[in-house]
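> Following is a predicted model, sequence given first.
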Amino acid sequence: MNTINIAKYRKFSVVNEAVRWEGDAASAKAIVDWVCTTSGDSDIAWVTAGAHAGQLLIRIETLEGTMYANKGAWIIKGQQGEFYPVQDSIFQKTYATVERVVEDPQTVVDEQTEDFGLWFVAQSAEEEYLQAAIRRLHASIEDERL
């Protein structure tokens, strides 16, 4: 019998820019301008036939080809500068608002160590990493004092 090792993995956390399209022409134009000025390709499409007949959609050229965003979809700028639409139901399950983007984790470690803010409840993978780093740093400082 073959043996396999099953382990648990956390998806890497990344911070992306995103905007939700409410379906109106003015915000569609603003989104298209954002995509196009950031090296993407996009325009507004008024659909006259098929399942989306009579709807205003935003066309976005993605790494996987042409995709369309309908009312309520989120348009996300990915890590490589690419854009893609995501339906609201999926976006709500996979994204959370970022309160603070940590560019340099060591800065946060230093801040937390100064005020002994070691015992916060981590809300994300980044915070868990920082908390562990703070605790290691605190332990090494305590060891040096003894």
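Everything's here; your move.

> Kindly state the pLDDT recorded for residue 72?
We have a pLDDT of 93 for residue 72.

> My error: substitute residue 63 in the last question.
87.

> dump the residue contacts of residue 79.
14, 16 (Cβ atoms under 8 Å, 6 or more residues apart in numbering). No exception for glycine: its C-beta is placed from N, CA and C like everyone else's.

> May I have the secondary structure class of it?
coil (DSSP: H, G, I helix; E, B strand; the rest coil).

> how near is it to residue 4?
Noted for residue 79: a distance of 31 Å to residue 4, by Cβ to Cβ, to the nearest Å.

> ok, now residue 62?
Taking Cβ to Cβ, one finds residue 62 at 35 Å from residue 4.

> Pick out whichever of these two has more residues nearby.
Counted by other Cβ atoms under 10 Å, residue 62 and residue 4 do not tie: residue 62 has more neighbours, with 15 against 4.

> Spatially nearest residue to the more buried one (excluding sequence neighbours)?
Nearest in space to residue 62, with sequence neighbours left out and distances taken as Cβ to Cβ, 6 or more residues apart in numbering, is residue 84 at 4.5 Å.

> The one you found and residue 76 touch, don't they?
Yes: at 5.8 Å, residue 84 and residue 76 qualify as touching, with contact defined as Cβ atoms under 8 Å.

> where exactly do the helices run in this protein?
Taking DSSP state H to define them, one finds helices in the chain at 25-37, 88-94, 105-114, 125-145.

> Which positions in the last one come out as buried?
This means helix 125-145. Buried residues in helix 125-145, defined by neighbour count with 16 or more other Cβ atoms under 10 Å: 126, 127, 129, 130, 131, 133, 134, 137.

> and what of the second one?
The neighbour-count check on helix 88-94 (16+ other Cβ under 10 Å) flags residue 91 as buried.

> just how off-centre is it within its chain?
11 Å (Cα atoms, centre = their mean, to the nearest Å).

> Kindly report the same for stretch 14-32.
That offset, for stretch 14-32, works out to 15 Å (Cα atoms, centre = their mean).

> Pull out the buried residues from that stretch.
With burial defined by 16+ other Cβ under 10 Å, the residues of stretch 14-32 counted as buried are 18, 20, 21, 23, 28, 31, 32.
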